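> Structure for the following, please:
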Amino acid sequence: MTSTTSGGGPARISSRAALLDAVRAAGQISRVDLSRETGLTGATVSTVVRRLIDDGLVIESGRSASTGGKPATLLTLNADARFAVGVHLDQGALTYVVSNLSGAIVGRWRRPGAGAAPPGTVVERIGVEIELLVARLGIEPRRILGLGVVSAGPLTSSIGLVMTPPAMEAWTNYPLASALSARLGRPVLLENDATAAAIGEYWAGPLEAGSVFAALYMGSGIGAGVMVDGAVYRGASGNTGEVGHICVAIDGPVCWCGNRGCVEALGGPASVVDAARTTELLLPGVGVAENFAAVARAATRGEPTARSLLLNSARYLALAAQALANILDLDRVVLTGPSFALAGSLYVPVIQQRLDESFFARGSHRVEVVISNRAAEAAAVGGAALVLQSELAPRSSNPRGPLEPGPPLRVPAPVRVLSGPSPVGHAVPATR
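Predicted coordinates for the structure are as follows:
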């Protein structure tokens, strides 16, 4: 994988990564055009392309139209030469996504979450479930580039989760990347869920390279990932976009982060569920995610109390979106994450109206608010995209975790069939 500098700085661009990225972006391209696009000499392009063909990453896919001379041989990315696995670790659910080099999803699987199980037990379970998923998809383990594991932040590269919501307190300071890498023998990259969702949105979505957008993420909590001109912005420690912890009420309720009056404490899923305690909307014996889903379903059916609760939540999320837009001069806000997948249609008009009326630079341009078409699994998609970018996109700043490849991924034979839906998903055409 392409190595990068720490602290969110620019990557050290290798000729291999630059050429792979250029082939991916072009779809089909000649060696001459590769030299023109990357600035590399013809000799370097010829040598590196030969190695990429030998490795099966690039194939010769035809010839260009003749312009009087010999037609040029065209090169194309061999999308199924390698694969990446994205894992979204959450207390309520574990979501797995497998993508090929073009970003197309070839398999997905949603499983019960970490719950109250010890981290070591969950890591072993993740290992078993990934091995099962890879085997069921018929992918040779040696073709797995690595894993992108995402969870709620903040994170560090050496430790992993350094502060967690109460439901996942056991994961605080647990060495997640090294534990998973040791279990599966593959490189593991860590990222917070909101930043990963932004990377996945750019990688697989129809977004212009010059766009400045934020993925406003709502799962069990609230955060945001920011992409500027095709590169993720991480900040000094890689924990940007924590808009759920913007204070909007100085004397407001205490948030799990230790501050008062945070957006998340006033408008997040847990606050919606708490406000619904005295109603008939909640389901007995289930967690916040399931009960937020119950409130969202009632709201979409037109139940007045449920709609009122979500519209109140949307007003706080609109403040977070306005702060992001004002600070970063965004041109788009993408609502994503499991909670927006359930109730995004109620949030969009509230957030859009706030930005239309209060965004500081509204006289210069409008900030468009949209719902991601992959909101439910955005974090896991972004986890897989992390791995793909580390191999194919040299402009990316450094994700967290070990980058050196380990021994081959183990595949059990025979595999034990786990309970739950089939791990084999359907292919999704890539748009980028």
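> C-alpha from now on. contacts and neighbour counts both.
Noted.
> Quick one: the helices in this protein, in order.
Using DSSP state H, the helices found in the chain span residues 15-26, 31-38, 42-54, 119-137, 176-184, 193-204, 263-267, 269-275, 288-300, 304-328, 338-358, 378-392.
> In CSV: these, plus mean pLDDT, distance to residue 216 and mean neighbour count.
Formatted as CSV, the helices of the chain follow (pLDDT from 0 to 100; distance: least, CA to CA, whole Å; neighbours: other CA atoms under 10 Å):
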stretch, mean pLDDT, distance to residue 216, mean neighbour count
helix 15-26, 84, 26, 21
helix 31-38, 91, 33, 17
helix 42-54, 93, 37, 15
helix 119-137, 95, 27, 18
helix 176-184, 91, 25, 21
helix 193-204, 85, 7, 29
helix 263-267, 96, 12, 27
helix 269-275, 95, 14, 19
helix 288-300, 93, 18, 20
helix 304-328, 96, 7, 20
helix 338-358, 96, 9, 19
helix 378-392, 87, 11, 31
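> looking at these, which is closest to residue 234?
Taking CA to CA, helix 193-204 is the member of the helices of the chain nearest to residue 234, at 8.1 Å.
> could you say what helices and strands the closest one packs with?
strand 144-151, strand 212-218, strand 222-228, strand 231-232, helix 378-392 (3 or more CA pairs under 8 Å, 6 or more residues apart in numbering; DSSP states H and E).
> Indicate which one of these is closest to residue 118.
strand 144-151 (15.9 Å).
> Can you give the domain ranges for this structure?
15-77, 82-197+378-392, 209-376 (automatic domain parsing).
> who does residue 192 bridge with?
Residue 192 has these beta-bridge partners by DSSP bridges: residue 151.
> how close does it sit to residue 298?
Distance, residue 192 to residue 298, using CA to CA, to the nearest Å: 30 Å.
> re earlier: turn the helices of the chain into CSV, including distance to residue 108.
Converted to CSV, the helices of the chain look like this (distance: least, CA to CA, whole Å):
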stretch, distance to residue 108
helix 15-26, 23
helix 31-38, 34
helix 42-54, 28
helix 119-137, 8
helix 176-184, 18
helix 193-204, 15
helix 263-267, 29
helix 269-275, 25
helix 288-300, 20
helix 304-328, 29
helix 338-358, 15
helix 378-392, 9
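> Skipping adjacent residues, who's closest to the spatially most central residue of the chain in space?
Centroid-nearest residue in the chain: residue 382, 2.2 Å away (criterion: CA atoms, centre = their mean). Closest residue to residue 382 apart from its sequence neighbours, by CA to CA, 6 or more residues apart in numbering: residue 200 at 3.8 Å.
> Which residues are in contact with the one you found?
By CA atoms under 8 Å, 6 or more residues apart in numbering, residue 200 lies in contact with 378-379, 381-386.
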